[in-house]
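Chemist: take this sequence and fold it.
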Amino acid sequence: MDKAVYRVALASTDNRYVDQHFGRAESFLIVDVDENGDYEEIEQRFVIPVCEGGHHNAEKLKRGVDGVADCNFVLVAKIGGGAMSELEDRGIAAFEMPGPVDAAIKKLDGYLRLLKEMNSISGQ
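Modeler: Purely as a prediction, here's the structure:
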């Protein structure tokens, strides 16, 4: 793999499918993605789930976000507003993208390429 351009945390029970709610995730698959959209699995990172039956403890939520603080993006099956806001406050973008890990990373990379292209067009 070429040099990583960004890092992604995927909420997955089996490292094959994005299938977990952010607050219920017990682990995240961490991958680095290069400029070609190719990715390398870095680790399966275990975290303490932050969901407490439909509500969240603010401190627990902050610690949960600490577990993915080195990532640029988080891909999940579902995410609540509180977790989304906490991630955004840390400069981490979260997307609901359930399905195969390969497909989720391709969608994210395609989205980022489109944004880059649109920004270059509007900057002319």
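Chemist: mind jotting down where the strands sit in this protein?
Modeler: 4-11, 17-18, 27-34, 39-46, 73-76, 93-96, 99-100 (DSSP state E).
Chemist: isn't Phe28 right up against Thr13?
Modeler: No. Contact between Phe28 and Thr13 fails when scored by C-beta atoms under 8 Å: they sit 10.6 Å apart. The C-beta positions use only the backbone N, C-alpha and C, and glycine is treated the same way.
Chemist: which one's more surrounded, these two?
Modeler: Shown here are Phe28 and Thr13; by other C-beta atoms under 10 Å, Phe28 has more neighbours (26 against 15).
Chemist: spit out the contact partners of the more buried one.
Modeler: Ala9, Leu10, Ala11, Ser12, Gln44, Arg45, Val47, Gly67, Val68, Val74 (C-beta atoms under 8 Å, 6 or more residues apart in numbering).
Chemist: so the fifth one touches Glu26, yeah?
Modeler: No. Taking C-beta under 8 Å as the contact criterion, Gln44 and Glu26 are not neighbours in contact, 10.0 Å apart.
Chemist: name the helix or strand of the chain that has the lowest mean pLDDT.
Modeler: Least confident helix or strand of the chain, by mean pLDDT, DSSP states H and E, is helix 58-66 with a mean of 84.
Chemist: hmm, who's touching it?
Modeler: The contact list for helix 58-66 (C-beta under 8 Å, 6+ apart) reads 22-23, 47-50, 52, 82-83, 86-87, 90, 92.
Chemist: now do the contacts for the residue nearest the centre of the chain.
Modeler: Nearest to the geometric centre of the chain sits Val74, at 1.1 Å (C-alpha atoms, centre = their mean). Applying C-beta under 8 Å, 6+ apart, we find Val74 in contact with Val8, Ala9, Leu10, Ala11, Phe22, Phe28, Val68, Leu87, Ile92, Ala93, Ala94, Phe95.
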